[in-house]
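Asks: Compute the structure for the input listed below.
(one chain, ligands or ions: 1)
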Amino acid sequence: MFFDKLSKLLNDVFKPKPKYITVTPVSSAEPTQMLPPSKLPRHVAIIMDGNGRWAQKRGMPRSAGHAAGTEALREIIRASDDWGIEALSLYAFSTENWSRSKEEVGALMGLLLKYFTSEIDELDAKHVKITILGDVDGMPQPQREALINAMARTKANTGLKLNIALNYGGRAELVRAAKALARKAKNGELDPEAIDEAMFAGELYTAGLPDVDLLIRTSGELRTSNFLPWQLVYAEMVFDDCYWPEFDRTHYLKCLRAYAERDRRFGGAEATEPAKAEEAPVQHEPAAAEKPAREEPTEDVEEPVVSAEDAEEA
Ligand code: FPP
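Replies: The predicted structure is shown next:
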């Protein structure tokens, strides 16, 4: 057991870093997508939209769309891990989603339970650290237990930080943070004048994580729907028209390439290096020490964004 863990850890640390992240398309008409790892965002957030429409278009129940969406989610988590994304936050169930039909909510809860019991071994073996963003106490008991177990088991992992938003609402998260600070002020632990942005961020579910660099939303909808309102303030947004079950590595890499070509200024007038992740602010975590970030690739620092054709020509 110990040697298994040690060998996995060594394997991870010494895993050769690819010069480019590539996805070979199924059809030869499409170019191979390539991107140097140095251009990746640190924190990607995804609104996985369009499961219902995907199913309805096929004459299937909405729950079939969520089942297909779970397959897409599995693959995108694997891709994020393979490509060295530091943090991935997925919007899986909002506080508003309880208003859907009993059948649909039941199907989603079933998928959640199945996912967290069947995938936990693989995720843990890959050193993925699971955090649930949202009110876990408000989840049904079997799901709550599976979620608490997944978080506890992977708490010390140092790989991909996988955040799944469940029973989550962005405004509710802000109110919860305000209440936590007010409570401390009332108890005399805190001077209200000392409250600053870092302290506020330290009370959010995402305490200790960098702000979101890239928000992806599928299905062609152009809104943020109460997802991570604090953390998204400087996020680049990329919208993909496909329904979530159709979102695969090729779509994902296209979004990452679009991000890599953006010019991020964080409110300043001067153009900065596009997609320079080190400049993104890190959210303050009050109690625990800052976890060491996943090892950054040392090569490729100034590599351009290219397609396979560009690379061949060069
Ligand atoms: C939005 O599409 C999607 C959801 C509300 C659920 C997302 C859930 C999953 C992808 C699977 C379950 C999650 C885990 C972690 C196993 P929609 O149903 O609103 O689509 P529509 O806009 O076409 O109706």
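Asks: switch to C-alpha atoms for all contacts and neighbour counts from now on
Replies: Noted.
Asks: what's the burial count for the residue of the stretch 151-300 of the chain found nearest the ligand?
Replies: Among all residues of the stretch 151-300 of the chain, I164 sits closest to the ligand, at 6.5 Å; criterion: Cα to the nearest ligand atom. I164 is flanked by 21 other residues according to other Cα atoms under 10 Å.
Asks: what comes up buried for the helix or strand containing it?
Replies: Element membership of I164 [criterion: DSSP states H and E] is strand 161-168. Within strand 161-168, the residues that count as buried by 16 or more other Cα atoms under 10 Å are 161-168.
Asks: Then stretch 137-144?
Replies: Neighbour-count burial for stretch 137-144 [16+ other Cα under 10 Å]: 143-144.
Asks: what sits up against that stretch?
Replies: By Cα atoms under 8 Å, 6 or more residues apart in numbering, the residues outside stretch 137-144 that reach it are 109, 112-113, 136, 167.
Asks: circling back to that earlier point, in the buried residues of strand 161-168, find the pair that's most separated.
Replies: K161 and N167 (19.0 Å; Cα to Cα).
Asks: Please list the outside residues in contact with the helix or strand just after the strand holding I164.
Replies: Downstream of strand 161-168, the next assigned helix or strand under DSSP H and E is helix 170-186. With Cα under 8 Å, 6+ apart as the test, helix 170-186 has contacts from 134, 190-192, 200, 203-205, 226-230.
Asks: C-alpha coordinates for the helix or strand following helix 170-186, CSV please?
Replies: Sequence-wise, the next helix or strand downstream of helix 170-186 (DSSP H and E) is helix 197-201. C-alpha atoms of helix 197-201 as CSV (Å, rounded to 0.1, in the frame of the first residue of the first chain):
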residue,chain,number,x,y,z
GLU,A,197,-11.0,41.6,0.0
ALA,A,198,-8.5,38.8,1.0
MET,A,199,-10.2,38.2,4.3
PHE,A,200,-13.6,38.1,2.5
ALA,A,201,-12.3,35.6,-0.1
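Asks: Now do the helix or strand following helix 197-201: which elements does it pack against?
Replies: Of the helices and strands lying after helix 197-201 in sequence (DSSP H and E), the nearest is strand 214-217. Strand 214-217 sits against strand 43-47, strand 236-239, with contacts defined as 3 or more Cα pairs under 8 Å, 6 or more residues apart in numbering; DSSP states H and E.
Asks: Quick check: neighbours of the first one in the sheet, parallel or antiparallel?
Replies: According to DSSP bridges, strand 43-47 has the following sheet partners: strand 87-94 (parallel), strand 214-217 (parallel).
Asks: In a markdown table, list the ones you listed along with distance to the ligand and mean pLDDT.
Replies: Supplementary listing: those in a markdown table, determined by distance: least, Cα to the nearest ligand atom, whole Å; pLDDT from 0 to 100:
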| stretch | distance to the ligand | mean pLDDT |
| --- | --- | --- |
| strand 87-94 | 4 | 98 |
| strand 214-217 | 10 | 98 |
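Asks: most tightly surrounded among those?
Replies: Stretch with highest mean neighbour count among the strands paired with strand 43-47: strand 214-217 (a mean of 24; mean count of other Cα atoms under 10 Å).
Asks: Buried among the contacts of helix 170-186? Need that as a selection in ChimeraX.
Replies: Command for ChimeraX, covering only those of the contacts of helix 170-186 found buried under the criterion 16+ other Cα under 10 Å:
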select :134,200,203,204,205,227,228,230
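Asks: between the contacts of helix 170-186, which is nearest S219?
Replies: Here the nearest of those to S219, counting by Cα to Cα, is F227; it sits at 16.0 Å.
Asks: and the gap between Y115 and the ligand?
Replies: Applying Cα to the nearest ligand atom, to the nearest Å, the value for Y115 to the ligand is 5 Å.
Asks: I should have written R53 there, sorry.
Replies: 4 Å.
Asks: Please report phi then psi for W98.
Replies: Dihedral pair for W98: phi -60, psi -20, per degrees, to the nearest 10.
Asks: So which bits of this structure are right by the ligand?
Replies: Counting by Cα under 6 Å from any ligand atom, the positions of the chain adjacent to the ligand are 48-53, 66, 69-70, 92-93, 108, 111-112, 115.
Asks: at 5 Å what do you get?
Replies: Within reach of the ligand by Cα under 5 Å from any ligand atom, the chain has these residues: 49-53, 66, 69-70, 92, 112.
Asks: Name all residues that make contact with D240.
Replies: 216-220, 251, 255.
Asks: can you do 6 Å?
Replies: 218, 220 (Cα atoms under 6 Å, 6 or more residues apart in numbering).
Asks: residues contacting the most centrally placed residue in the chain?
Replies: For the chain, the residue nearest the mean C-alpha position is L88 (1.8 Å; Cα atoms, centre = their mean). Going by Cα under 6 Å, 6+ apart, L88 touches 43-45, 162.
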